[in-house]
Structures are given as structure tokens and as C-alpha cells.
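sequence plus the predicted model coming up.
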Amino acid sequence: MKPMAPISFQLNGQTIQAQAGETILDAALRHHIHIPHVCHSPNLTPAGNCRACVVEVDGERALTASCCRLVEHGMVVHSNHGRALTAQRLVMELLDTDQGQVGQRFPVRPQHAVDTSHPAFTLDLNACIQCTRCIRACRDEQVNDVLGMGWRGAHAQVVFDQNDPVSQSTCVGCGECVQVCPTGALKNRSEANQPDIQAHTVSSVCPYCGVGCQVELHVSNNQVLEVTGKAGPANQGRLCIKGRYGFDYIHHPQRLTTPLIRKSQAPKHAHPLLPAERWMDEFRPATWDEALQLAADRLTAIKRRQGAQSLAGFGSAKCTNEEAYLFQKLVRTGFGSNNVDHCTRLCHASSVSALLEGVGSGAVSNPVRDVAQAEVILVIGANPSVNHPVGASWIKNAVKQGATLIVADPRRTDLARHARHVLQFKPDTDVLLLNAMLHVIVQENLVDHTFIADRVEGFDELAAHVNAYSPERVAPLCGIPADLVRTVARTYARAKSSMILWGMGISQHVHGTDNARCLIALAMITGQIGRPGTGLHPLRGQNNVQGASDAGLIPMMYPDYQRVDHPDARAKFETLWNTRLDPKPGLTVVEVMQACLQGQVQGMYIVGENPAMSDPDVQHARDALAALDCLIVQDIFLTETASLADIVLPATAFYEKTGTVTNTDRLVQMGRKAVDPPGEAKPDWWIIQALAQRMGLPWRYPHEAAVFDEMRHAMHSLENITWDQLEQQGSQVYPCNAAHPLGQSVVFTDQFPTATGKARLVPAHFNHAGELPDADYPFVLITGRQLEHWHTGSMTRRSAVLDELEPQPYACLNPEDLRMLDVAVGQRIEILSRRGQVQLPVRADAGNPRGTVFIPFCYHEAAANVLTNPQLDPVGKIPEFKFCAIAVHKFPG
Ligand SMILES: Nc1nc2c(c(=O)[nH]1)N[C@H]1C(S)=C(S)[C@@H](COP(=O)(O)OP(=O)(O)OC[C@H]3O[C@@H](n4cnc5c(=O)[nH]c(N)nc54)[C@H](O)[C@@H]3O)O[C@H]1N2
Ligand SMILES: Nc1nc2c(c(=O)[nH]1)N[C@H]1C(S)=C(S)[C@@H](COP(=O)(O)OP(=O)(O)OC[C@H]3O[C@@H](n4cnc5c(=O)[nH]c(N)nc54)[C@H](O)[C@@H]3O)O[C@H]1N2
Ligand code: SF4
Ligand code: SF4
Ligand SMILES: [Mo]
């Protein structure tokens, strides 16, 4: 497109250059000319309803709202005198009256009681000026559709749903409405709003999910008091409830403040169900010197006795890139093995295996926000409204702009109400459904022959393979009518641009790699990849799981996915690190646990993970951790895992340190220290280095930047990114190297990073889950997440707002199943699997298919993982968290 010529117009006698499509108000503000405005907010659609910004345009009878009116060439505008000024003043006076200011000439509106029912914010309608910013934020931006104008005339007011109290409404607490409210009618409860508080701000990144929202931390007296959204590339100022209100865990009194050493007489309880205060009794405080020396001595002794393979480490996707890099370097060069892994193994390991095999790279092809350019969006096995809420808001925005959304999930999730097609198929049958879609695309010749000829290998085998999977044949097995499968396949294939986003419903199966192979095949045979709005996006979970994987927290890969068993890669890192490296791939998360129980692994160093809650068949995992000769746990709380440790090292939380993290879009972002850590807690990179030095490694990293600099040299993808640049810009997308000096947000544009440059299709055969329901265990257990809580609960259950909203465990069942079991909502049930049992109250959820139970896994009182099946996908080595057989009983009493 040819850039349009600037428009010039007159404002208050001054000539102003504006851009076509710009409003008078935006042009004025850009030139630092003040026009009063209240309902206007840069991210919201203009409403023009407060009339505070009216201006006079020569030759026009009526005044016009400058926030809505676009500039025109030669127009003459007045904002600061005459009719415009009188009108602006009247509007402000009326607004003051509406807020109950006395001594005015207009009658005051009926007064309302302040709604204090929500733990995060209050609603004081007396201060509301009905600018509708909140309504637009909730409806147009976040698309939560909770707020509206209710009633009429003098009684008109902002309402939550049908005028419900805030806490009883469908509000999801994202706080977007609070952020845009100009008067304080919607106000955070935070102390930051006290008149005598002087807060300064620090920019960082939300510590929760892979969306990677940038935040502004409002800090006073070494406390984060409030968090607001910053205009980062991934969030443009938006946040969800965890990012906005879930920050106070860092100030919780149970934070670890000093190193701890297990008292010699204290036995390790492999049933850590006690509250954290009780576990404390089993430890004594120690100095850093003592704890680090003991840790190094014990690990070194085990290595001498049993060899390098007897040590293992779990790094953290909650820590920074620099910390992940140092951690894998410690295991590889200090412990001497590749026994290093992290939660990606429980997460997208299968997706990454399939992607590496198919397209040569495990990362996303396009950023989430590319959905704005997609004609069709397919979301499968992911629940982004809950787990990537700001990402979900971009999807909902795209649907409002006309994109077609297809949602495929055995449970009816929130996104379903925005979808054109909802495929509530039978759990475990993804390969059937997806192969049937591939079948339709091949049979109806909806394939992109040119793309296949140029860029894809293995099409003929795939086409022959999917021949057997006609929609008519799979319909009864996957529960989706053949017609609907055909419609969806055509919609996806024919669109100019289609994007697939997926999550744990695809990956966490014994056939997770096969599930992902089918998604890759869909994109490849239709050429739906390599352009804006067209591609594959496995939604990455943890705030830094992309970065931790890139940095090499993977047993078969060095940084940048260079294989440990490849001689060239090994030689490169042996030179860089000046050492000899083990050519044998290491053990994965679940395999390490097995090896602990068998005595092969005797010493472990676990940083920022809580496997005693997050591993499958968790009693087994707890027994394994308890069996270790030496377990070192580095966390911010005394978690279930730390309760089994010999040595506990207190780390700083994310807002207490500086470092980079990489979001799901391959965007490297700078997190900045905002507050000092409690007590003696130290940054993870400092602790890892101190331990490495005591194990005899000659490390001398003076600060985080020095680590990042080494990473740039080890990792081709980061070559052109510098620490200084990140400090200044806040973020930079990779790959960013000689070939793409400015970074590349959409990849695979002309070839794939495979040996041949072409993608490789791998046909997937349908296999069942590892454990199917039977007469003894007739129900299917699906585990997953809920909006307010994070994984094992260690952070969010120590966050006041989140804990108040969701204080206790629950299981969701279909109302029909509840009736059959004769259980009322709120009553307790007992759930048994072949591995364990839990008791918890029930909720009714009609979106849950009959015969299934859904449990979030964050509650230690009823830990879902006591029940889950540890059986692994043979390629990705990911356990089957999404499917196991259970029995359900009404709990007596
Ligand atoms: N609030 C919150 N947000 C989080 C997290 C959190 O703990 N809490 N964790 C983060 C992390 S690390 C991750 S990995 C992401 C996970 O984000 P998601 O992938 O969205 O997570 P889940 O809720 O585990 O599962 C997604 C969906 O899989 C569906 N599913 C179950 N069985 C099947 C099946 O057989 N086939 C298909 N196709 N779908 C199935 C479930 O019904 C569920 O809706 O969330 C991240 N965000
Ligand atoms: N049943 C079931 N189980 C699952 C899943 C499922 O869907 N169902 N999903 C799996 C998935 S996808 C994932 S990603 C895993 C997640 O499993 P984990 O990674 O084990 O879970 P988290 O609770 O996120 O653990 C992070 C730990 O880091 C600590 N922490 C936070 N910040 C810092 C820091 O700055 N430094 C240090 N040192 N520690 C810090 C927290 O206190 C917490 O203990 O769970 C898996 N387990
Ligand atoms: S907090 Fe979020 S969901 Fe709730 S009313 Fe405000 S914008 Fe809507
Ligand atoms: S969407 Fe994710 S990154 Fe953004 S505020 Fe919520 S939890 Fe944080
Ligand atoms: Mo995850």
C-alpha cells in the first residue's frame, strides 16, 4: 500500500499535520494540545458519550466529539474558546454533580451503597460518570460481556450482568474495567490508592503464564502494592486476574528466608499433607556457607561413590533464561551427565517431539496475536479463557472482526460460546477426528499441491494412510457427526489463512506425539503455514517454558535444541565450556523418579518445581524423592517437594530479580527487580553459581548480563539480541541473527529448518489411552486447571484475592451423573483409581461430558495426581494426565 499523504488542518489557529484516519483528539494530544476528555482511552473503541471533548468546526452548526471525529483536510477547529469551551465546562460541572459534589446547581443522583463483595476491587456507582469505558473494556477488549448499562433515565447505571453484586456476577476479575475507570467508581482495594502513599513504578513481566504480559509494578516501601498492564507486544496493556491481583504471594509470611538443613533425627514423610508450618519443625536454619558447602560435599560424595549418572537435576520454567542456562550447564559440566529436565516434559514434550520431527523446530510459527489476521482459528485441547486469558481475548477480538472459530474439546469450554463450530468429541479420540479431517481434505482435493510439491515430504503415504479414516467410519467412535467433520475440514482447508492453537488436551496422552503429528499434517497439506495469520501455535504454559527449553533444560539437547548425541554439537559445547561432555542423553522427569526408587539416582537438585504435587502417580514420586540420599530443593516456599529435602535453599521470587524470559510467541522480555527479597533469599542464578563453584567449577559471572552474553554465543537464535537492547526496548522476538537482524515473528516463510528444508509428514495410527474404564473403574478422570490457581498452588493459594475466590478443591461432574450417583452439589465424593484415592466436594458442570470427572490439580488436600496414570508417550515421554480410569462414590457423611 502507498503511504497516504498527511492531512493538514487548523486547531486553535495553529496548523497541524495529521494522518488519515486519525481523530481530532488523537492529533491534538500528539501535538501536546490539551482537549479535556473522560470517556476516551487509547485502547478502547471511541464512544463520544461523555461530550467533554467537544470542539467547534467552522461551518458546522453542532459541536462535535473530537474523540470520534476524523480529521479532514483544511478543516478549521476550535477547542479552547467560545461555544466549545462553554460546553466542555458544563459537562465537567455535570460530571462533578454526578459524583455527589455538593454546592452545585444541579440535583444530585440517587445514591448507591458501595459494592464491596469482590475481594479485588470495589464498585461505587456514586462516583460513576457513565463514560462507559469499563463497559467497552469488558465487552470490546476482554470480551467478557459482564458489564452493561441498566435501567433508564436518571436511574441509568452500570450493571454487572443483571444488576448482580459483583461477586455473584460472571465477572472473571481481570480488572480491565478498573484499569480504565477515570473516576475511581471502580477501584482496586489495594493500598496503592491511599492518599498518603507515594508509589514508584517498575516495568516487568507477569510471572505466571506463557502469554507474557508486560506489567507495571507500583511499589512503595519495598512492597508491590498494585499491578497495572503495560503496552507490551503480547498484551497491549491487558492483564488477567492472576497477573493483576495474584502478585502478593511474594510478600507472604511463609516465604523461605534462610537456608534450611534437615534435622538429623527428622524422618522424611513421603505423605506431605501437613501444612508448611509443621514441616518447618523438621529443619534447622543454616548459613549460606554451611548449606552450600554441605550440598556440594554430599553431591560430590555421591558422584564419587556411584558415578555421574547417579545425580540429576530439575530446572525451572519459572526462572529466567540465564538461570535455566546456568542450571543445565551445572548438571552437564559439574554433575557430569545429561540428567537434566523440567516441567516441559509434563507439558508440551510430545508437541515438541512431533514439531522437531516434522518441521525441525519446536517453537510456534506465529504469535498468538496473529489470530487477528486469520480467517479461521482452530483451538483444540486448550482452554485459553482459563489458562491464557489475554491470549483468549485476542481470539475473541478476532471472532468479533469476523474470524471463524472452531473449538474442539471433550469439555465445553468458555470459548465455545464464541465458536461457529463446537466439536465436543469423545476424550482420547483426537487421532480419529483429525485423521478424518485429513481424509476429507485429501478425498475432496482441498490440498495445496504447489505447497506440497515445494515444501512437504511424505504426502503419498499420509494420503494412503488416512484413506481408512472416513468421517462416516469414525463418527460413532469420536462422537462427531460425519457432516460436521466434513464442514470443519473444508472450512479449515479453504480459508485464505487458518491458524491452529493447541494445548494439553493434545499433548498429555500416551499418543500425544501422534495427536500433534495430525495437527502438523493438517497445516502442511493445506499450506496453512508460513504466512501471517496462518500456522501452528502450541500455547506454551509457564512464563518461561519456551526459554527454559531453548536454554537446554532438556536431557537430549544442549541450548538451541542441539542434540547431545551429535558429535558436532558436542564438540561445539566442549569447546565453549572447556570440558568433556557425556554423549548419552539423560533421563526424563518421570524416568528420573523411577531411577530414584531403584537407587540409580541418589542425589537431586530441584529448582522451582514441585514434582511432589505435579508428577503423575504422585505417591510414587514422593516415595522416590524420600528415597534419595540427598535432595536439594530451591524454592520460594517450603513446598510438598521441599518438605522431603535434606537441604532447602531460599530463592528470590520473580519480582525480586532481574533477568529475561521468553513467552509463547518467542518473544524475549526483560523482567526487572522491583523489591528486595525477604531475609537471606538469593537470586537463583547466584545460588546455582555458588553451588557450581563449591563443586569445583571455575565460574565467574559477575551479573545476569554476563550469562546472557554467553548464551548469545551458544545460541544461534539469539545472536543479534543484546542485554542492553532488551533493557531499552523491553522485548525482542527471535530468531534474531545475521539472517534476520530485526527478528522474525512469523517463521517457516520459505523453508523449514529440517535437513532437507522440507516438512516431513508422519501418519498417525489410532491408539487408545493407556488405561480404559472398566466395570471396577467406570469413569474417566480428566485433570487440568482453573483460572484462579497455578499448578500446584504454591503461589496462588498464597495470594489473598485468588485464595479467597477459590479456597478449596472440587470435582466437576455432569448434572446427569450427579443425579445417577445421588450426590447434591457441594456434597463430597470419593474418587479411586488403581493408584490412590481422594475425597472432595462436587460442582455440576453441564459442559463436562457424561462419564467424566474434571479436577484441577492445585489442591494438596485432594491432589489429583494421587490418581493419575504415569504411563508415558513413547516418543515425547509425557505422562497421560488427561485420561485414566476411576471409580466415583458418594462419600458417607
Ligand atoms: N490459571 C492457570 N493458567 C495456566 C496454568 C495454570 O496452572 N493455571 N498452567 C499453565 C501451563 S504450564 C500450561 S501447560 C497451560 C495449559 O493450558 P491448557 O492446555 O488450556 O490446559 P488444561 O486445562 O490442562 O487442558 C486443556 C483442555 O484439554 C481438554 N482435554 C481433555 N482431554 C482431551 C482429549 O482427549 N483431547 C483433547 N483435544 N482435549 C482434551 C480439557 O477438557 C481442557 O479443556 O496453562 C498455563 N496457564
Ligand atoms: N494432573 C495433572 N498434573 C499436571 C498437569 C496436568 O494437566 N494435570 N500439567 C503438567 C504441566 S503442563 C506442568 S507445566 C507441570 C507444572 O509443574 P511444576 O512446575 O512442578 O508446578 P509449579 O507449581 O508451577 O511449580 C513451580 C515451583 O516454583 C516455585 N517458584 C516460583 N517462582 C520461583 C522462583 O523465582 N525461583 C524458584 N527457585 N522457585 C520459584 C513455586 O513456589 C513452585 O513450587 O505440572 C504438570 N502436572
Ligand atoms: S473485572 Fe474484567 S470481567 Fe469483571 S467486569 Fe471488569 S472487565 Fe469485566
Ligand atoms: S494472561 Fe498470563 S501472562 Fe497475562 S496476566 Fe494472565 S497469567 Fe499473566
Ligand atoms: Mo505446562
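Right, received. Where do you want to start? Ligands and ions are numbered 1, 2, ... in the order given.

right, is stretch 871-891 up against ligand 5?
No. Judged by Cβ under 5 Å from the ion, stretch 871-891 makes no contact with ligand 5; its nearest approach is 9.7 Å. The way it works is simple: take the backbone N, C-alpha and C, and place the C-beta from them, glycine included.

ok now that stretch, how far from the chain's centre?
Once both centres are worked out by Cα atoms, centre = their mean, to the nearest Å, stretch 871-891 turns out to sit 23 Å from its chain's centre.

do me a favour and get the end-to-end distance for it?
Start and end residues of stretch 871-891 are separated by 29 Å (Cα to Cα, to the nearest Å).

look at residue 275 and report its pLDDT.
Per-residue pLDDT puts residue 275 at 62.

what does residue 6 give?
On the pLDDT scale, residue 6 gets 86.

show the contacting residues for the nearest residue to residue 392 once chain neighbours are set aside.
Closest residue in space to residue 392, ignoring its immediate chain neighbours: residue 384 at 3.8 Å, by Cβ to Cβ, 6 or more residues apart in numbering. For residue 384, the contact set (Cβ atoms under 8 Å, 6 or more residues apart in numbering) comprises 391-392, 395, 415, 501, 503, 539.

how close does residue 636 get to residue 642?
For residue 636, the distance to residue 642 (Cβ to Cβ, to the nearest Å) stands at 10 Å.

can you tell me the closest non-neighbouring residue to residue 322?
residue 707 (3.9 Å).

where does the one you found land on pLDDT?
pLDDT at residue 707 comes out at 98.

how deep is it tucked in, by neighbour count?
By the criterion of other Cβ atoms under 10 Å, residue 707 has 26 neighbours.

center of this protein, which residue is that?
The centroid of the chain falls nearest to residue 209 when counting by Cα atoms, centre = their mean (2.6 Å).

how about the residues of the chain by ligand 3?
137-138, 142, 144, 146-147, 171-177 (Cβ under 6 Å from any ligand atom).

stretch 639-656 near ligand 2 anywhere?
Yes. Counting by Cβ under 6 Å from any ligand atom, contacts between stretch 639-656 and ligand 2 involve 639, 651, 653-654.

top of these by neighbour count?
Counting neighbours by other Cβ under 10 Å, the top entry in the residues of stretch 639-656 next to ligand 2 is residue 651, with 30 neighbours.

gap between the closest residue to ligand 5 within the stretch 151-300 of the chain and residue 478?
Closest approach between the stretch 151-300 of the chain and ligand 5, counting by Cβ to the ion: residue 210, at 8.3 Å. Going from residue 210 to residue 478 by Cβ to Cβ gives 29 Å.

same deal with residue 159?
Taking Cβ to Cβ, one finds residue 159 at 42 Å from residue 478.

out of those two, which sits in the busier spot?
Legend: neighbour count by other Cβ under 10 Å for residue 159 and residue 478, higher for residue 478 (24 against 18).

ok now do the closest residue to that one other than its chain neighbours, which residues does it touch?
Closest residue to residue 478 apart from its sequence neighbours, by Cβ to Cβ, 6+ apart: residue 429 at 4.0 Å. Applying Cβ under 8 Å, 6+ apart, we find residue 429 in contact with 474, 477-479, 766.

hang on, the earlier thing: would you turn the contacts of residue 384 into CSV with distance to residue 79, neighbour count and secondary structure?
Converted to CSV, the contacts of residue 384 look like this (distance: Cβ to Cβ, whole Å; neighbours: other Cβ atoms under 10 Å; DSSP: H, G, I helix; E, B strand; the rest coil):
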residue, distance to residue 79, neighbour count, secondary structure
391, 39, 32, helix
392, 39, 29, helix
395, 39, 28, helix
415, 43, 22, helix
501, 45, 28, strand
503, 50, 26, coil
539, 46, 25, coil
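
which one among these gets closest to ligand 3?
Nearest to ligand 3 among these: residue 392, at 12.0 Å, using Cβ to the nearest ligand atom.

the closest one contacts residue 413, correct?
No. The criterion here is Cβ atoms under 8 Å, and residue 392 misses it with residue 413 at 9.6 Å.

per the record, what domains does this structure have?
Domain ranges of the chain: 7-98, 121-251, 279-346+545-723, 349-539, 779-890, per automatic domain parsing.

near ligand 5, anything from the fourth one?
No. Domain 349-539 stays clear of ligand 5 (Cβ under 5 Å from the ion), getting no nearer than 6.8 Å.

got the end-to-end distance for that domain?
Terminal residues of domain 349-539 lie 12 Å apart, using Cα to Cα.

ok, back up a step: could the domains of the chain go into CSV alongside distance to residue 269?
Below are these laid out as CSV (distance: least, Cβ to Cβ, whole Å):
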stretch, distance to residue 269
domain 7-98, 51
domain 121-251, 24
domain 279-346+545-723, 7
domain 349-539, 29
domain 779-890, 13
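
wait, which of the ones you listed is closest to ligand 4?
domain 121-251 (2.3 Å).

cheers, nothing more for now.
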